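*Asks:* I would like the atomic coordinates for the input below:
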Amino acid sequence: MDFSKQDLNHDKDDDESNFDDIPEQIELILDSILTALRDSSTSVRWSAAKYVARITNRLPKELGSDIVTHVLQLCEWKDSDSSWHGSCLALAELSRRGLILTQQLEQIIDVIEKALLFDEVKGISFQFKL
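*Replies:* Residues are numbered from 1 along each chain as shown. Now for the predicted structure:
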């Protein structure tokens, strides 16, 4: 994720404050947490999803929108079920906190529909052998 200064022209409450007060380490922390959404451990994915939402809640809307976009990019057919599960957990947490912008809803619904198909296909391919 690249949060360059030129992309940061809007803030959360439309006041005139700038983004210079956001530490640069936030990008590194978010990269680590977003990577943890793909972890093989469910508890790691769950914690990462919660912290993505908590951090996003404290960032300006434009940055929050970028984070939601990045979470949506984790949902590719080639990705593992861990990646899909982690991104769905993150989307749920972001939604629960009201951090999803209206213009992103259609894309999120499409991803969730694909996630349901992804899970169904995976479940159908499982065969129990005695």
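
*Asks:* and the helices in the chain, which stretches?
*Replies:* For the chain, the helices defined by DSSP state H occupy 25-36, 42-57, 61-73, 81-96, 105-125.

*Asks:* what's the most buried one of the ones you listed?
*Replies:* When the helices of the chain are scored by mean count of other CB atoms under 10 Å, the highest mean neighbour count falls to helix 81-96 (a mean of 20). All C-beta spots, glycine's among them, are computed from the backbone N, C-alpha and C.

*Asks:* what angle separates it from helix 42-57?
*Replies:* 40 degrees (axes from the mean of the first three to the mean of the last three CA atoms, to 10 degrees).

*Asks:* same question for helix 81-96, mean pLDDT?
*Replies:* Mean pLDDT, helix 81-96: 92.

*Asks:* name the helices or strands packed onto it?
*Replies:* helix 42-57, helix 61-73, helix 105-125 (3 or more CB pairs under 8 Å, 6 or more residues apart in numbering; DSSP states H and E).

*Asks:* how about those in a markdown table, adding mean pLDDT and distance to residue 99?
*Replies:* As requested, the helices and strands packed on helix 81-96 are arranged in a markdown table below (pLDDT from 0 to 100; distance: least, CB to CB, whole Å):
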| stretch | mean pLDDT | distance to residue 99 |
| --- | --- | --- |
| helix 42-57 | 95 | 5 |
| helix 61-73 | 89 | 5 |
| helix 105-125 | 75 | 11 |
